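Trainee: Structure of the sequence below:
(one chain, ligands or ions: 1)
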Amino acid sequence: MSPAVPPALSLDGATTRYGYLGPEGTFTQMALHAWGAARDAVHHPFGSVDAALGALRSGEIDAAMVPIENSVEGGVSATLDALASGEPLVVVGEVLVPITFVLAARPGMPLADVRAVGTHSHAWAQVRGWMGTHLPHAAYVPTLSTAAAAAGLSEDGSAAYDAAVCAPVAAANHGLEVLAEDIGDMSSAVTRFVLVAKPGTLPERTGADKTTLVLYQRDDHPGGLLELLEQFAVRGINMSRLESRPTKESMGRYCFSIDIEGHVLDERVGEALMGLKRVCAEVRFLGSYPRADGTEVRVSDSTTDESFTDARAWLHSLRGLPG
Ligand SMILES: O=C(O)C(=O)C[C@]1(C(=O)O)C=C[C@@H](O)C=C1
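Mentor: Numbers count the residues shown, from 1 in each chain. Purely as a prediction, here's the structure:
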């Protein structure tokens, strides 16, 4: 799978300070390498998504690579929630990384003796079937990342688990022995990562773009979600992700985290955003950026830029205004 081609950003490769969910050996670090971040740039590992995005907000780093969505387990709540509130941040690019897990332990540990396994919650969800078959009695110990689980085994022997589910590179980095390879339940598993920056960086329109939004409703009423979605439907905009997340203010209050196909500079996307601005309590624009898979957006004749500008010129003529 080919990684995203970095767009023209004001993030200059050699001097950019990149943060990522670490430590070394995470899938997130692989995403940063696949993005093409210059090896001589600063690559700063953080212990959590919140810590990486916090450092971005405080100006300690210029951009952060974080996981947002996995093809097996779905959205990464820590990322969705950190982007949905607080000081605004924007996505400037995405990377897709194929996910392959190994089960690794200190040298000499037989598989039959593994009583507890440490890993990231998203990784555990992707190996549940394998664990049920091969280690049905093993307890699960959550760690902040898959590489943190591997690192824990190589430390002073105090880890609360005997084996880690991690990337092959993390096992190698820590001198661990691989007890089993390719233990993911879905061999096609992919995680989507986003490079996040402060607002002010708008990647160029490529014709193969995505826009990410978080929508807050004014109130709860029949057809409320339909009212939001029809803004896309009537303008021929395809949605590629929709998730509801609690606003955390009270029970039953949700916001909607959405990816649509297209760029904020596309007329149809701009018109949809204006429609949402009218009907929502808040529209949080989380960026327009090139799709990692490069698939061009299919646009019907009635929703091209030209059809919108023609219609606007026609309205202006009815109003006696210049085109
Ligand atoms: O723990 C890691 O290695 C990560 O990069 C995090 C993460 C995730 O949040 O989904 C990334 C990819 C895998 O799906 C499992 C864990």
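Trainee: from here on, contacts and neighbour counts on C-alpha atoms
Mentor: Fine.
Trainee: Next, give phi and psi for the closest residue to residue 247 other than its chain neighbours.
Mentor: In this structure, residue 247 finds its nearest non-sequential neighbour in residue 254, 5.1 Å apart by CA to CA, 6 or more residues apart in numbering. With angles defined as degrees, to the nearest 10, residue 254 shows backbone torsions of phi -130, psi 150.
Trainee: cool, and residue 178?
Mentor: phi -80, psi 120.
Trainee: Please look at it and residue 171 and confirm they touch.
Mentor: Yes: with contact defined as CA atoms under 8 Å, residue 178 counts as touching residue 171 (7.1 Å).
Trainee: what do those two both touch?
Mentor: 102, 104 (CA atoms under 8 Å, 6 or more residues apart in numbering).
Trainee: Please say which of the two ends up with more neighbours.
Mentor: Set residue 178 next to residue 171 and count neighbours by other CA atoms under 10 Å: residue 171 wins out with 28 against 21.
Trainee: Show me which residues of the helix or strand hosting that one are buried.
Mentor: Here residue 171, judged by DSSP states H and E, is contained in helix 168-173. For helix 168-173, burial by neighbour count (16 or more other CA atoms under 10 Å) applies to 168, 169, 170, 171.
Trainee: picking up where we left off before, what about the residue nearest to residue 247, how many neighbours?
Mentor: 18.
Trainee: give the contact list for it.
Mentor: The contact partners of residue 254, by CA under 8 Å, 6+ apart, come to 216, 244, 245, 246, 247, 248.
Trainee: Any chance of TSV for those residues, columns distance to residue 69, secondary structure and neighbour count?
Mentor: Compiled in TSV, the contacts of residue 254 are given as follows (distance: CA to CA, whole Å; DSSP: H, G, I helix; E, B strand; the rest coil; neighbours: other CA atoms under 10 Å):
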residue	distance to residue 69	secondary structure	neighbour count
216	21	strand	21
244	14	strand	14
245	14	strand	17
246	17	strand	13
247	19	coil	16
248	21	coil	11
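Trainee: From these, pick the one nearest the ligand.
Mentor: Proximity of the contacts of residue 254 to the ligand (CA to the nearest ligand atom) peaks at residue 245, which lies at 16.8 Å.
Trainee: can you pull up the bridge partners for that closest one?
Mentor: Beta-bridge partners recorded for residue 245 (DSSP bridges): residue 255.
Trainee: Can you give me the pLDDT of it?
Mentor: On pLDDT, residue 245 comes in at 96.
Trainee: Could you do the one 3 residues further on as well?
Mentor: Per-residue confidence for residue 248 comes out at a pLDDT of 93.
Trainee: and it, backbone torsions?
Mentor: As for residue 248, its main-chain torsions (degrees, to the nearest 10) stand at phi 80, psi 0.
Trainee: Repeat that for residue 135.
Mentor: Per degrees, to the nearest 10, the backbone of residue 135 is at phi -140, psi 60.
Trainee: can you count the residues close to it?
Mentor: Neighbourhood size, residue 135 [other CA under 10 Å]: 18.
Trainee: now it: how far from the ligand?
Mentor: Distance, residue 135 to the ligand, by CA to the nearest ligand atom, to the nearest Å: 20 Å.
Trainee: got it, and residue 153?
Mentor: Going from residue 153 to the ligand by CA to the nearest ligand atom gives 15 Å.
Trainee: do the same with residue 141
Mentor: Look at residue 141 and the ligand: by CA to the nearest ligand atom, they are 13 Å apart.
Trainee: wait, that residue sits on residue 116?
Mentor: Yes: with contact defined as CA under 8 Å, residue 141 reaches residue 116; the gap is 6.8 Å.
Trainee: So for those two, which residues contact both of them?
Mentor: 160, 161.
Trainee: Could the C-alpha coordinates of stretch 78-98 be exported in CSV?
Mentor: Extracted C-alpha coordinates of stretch 78-98, given in CSV (Å, rounded to 0.1, in the frame of the first residue of the first chain):
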residue,chain,number,x,y,z
ALA,A,78,-8.5,9.5,22.3
THR,A,79,-7.8,11.2,19.0
LEU,A,80,-11.4,11.9,18.0
ASP,A,81,-12.1,13.5,21.4
ALA,A,82,-8.9,15.5,21.6
LEU,A,83,-9.6,17.0,18.1
ALA,A,84,-13.3,17.7,18.9
SER,A,85,-12.7,20.1,21.7
GLY,A,86,-10.0,22.4,23.0
GLU,A,87,-7.8,24.8,21.1
PRO,A,88,-8.5,24.2,17.3
LEU,A,89,-6.1,21.9,15.4
VAL,A,90,-6.3,20.7,11.8
VAL,A,91,-5.4,17.5,9.9
VAL,A,92,-3.0,18.2,7.1
GLY,A,93,-2.5,14.7,5.8
GLU,A,94,-3.2,11.0,6.3
VAL,A,95,-1.3,7.8,6.0
LEU,A,96,-2.5,4.2,5.8
VAL,A,97,-0.3,1.6,7.5
PRO,A,98,-1.0,-2.2,7.1
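Trainee: With that, I have no additional questions.
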